[in-house]
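Visitor: Only the shape, not the letters, is given here:
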């Protein structure tokens, strides 16, 4: 089952809370964001924590690979360690070293 809630970088904290509350009540276990700023993702994780809304995965494309994201996690934003992003992999790569997990 798939549910959709419309939020944007301009959505207020209360709008995020309403959207996340509806997703929680519907039983959502995996969340995917599109085009949200790092600040809005941080606010989203704060609201999720306030709602006690635990998910199996929070997928936020184009957030994790940014320098600001790494700095926030290293400075103590532990919630960021649980955010997923896609990583390109190229079959033609000459680098035979395994990835870091």
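Guide: It's in. Since this is a predicted model, take the numbers as computed values, not measurements. Numbers count the residues shown, from 1 in each chain.
Visitor: Next, the contact list for residue 40, please.
Guide: 7, 8, 9, 11, 16 (CB atoms under 8 Å, 6 or more residues apart in numbering). Where you see a C-beta, it was placed from the backbone N, CA and C, and this is true even at glycine.
Visitor: Now with 6 Å, please.
Guide: residue 9 (CB atoms under 6 Å, 6 or more residues apart in numbering).
Visitor: Would you mind naming the helix or strand containing it?
Guide: helix 38-50 (DSSP states H and E).
Visitor: That helix - what's its average pLDDT?
Guide: Mean per-residue pLDDT for helix 38-50: 94.
Visitor: buried ones in it?
Guide: 38, 40, 41, 42, 43, 44, 45, 47, 48 (16 or more other CB atoms under 10 Å).
Visitor: Can you tell me which of those is nearest residue 67?
Guide: Using CB to CB, residue 38 is the member of the buried residues of helix 38-50 that lies nearest residue 67, at 10.3 Å.
Visitor: So which bits of the helix or strand just after the helix holding residue 40 are buried?
Guide: Next along the chain after helix 38-50, taking DSSP H and E as the criterion, comes strand 57-59. By 16+ other CB under 10 Å, the buried positions in strand 57-59 come out as 58, 59.
Visitor: Residues in contact with strand 57-59: which ones?
Guide: So strand 57-59 is contacted by 30, 31, 32, 83, 84 (CB under 6 Å, 6+ apart).
Visitor: Could you tell me the end-to-end distance of stretch 5-14?
Guide: 13 Å (CA to CA, to the nearest Å).
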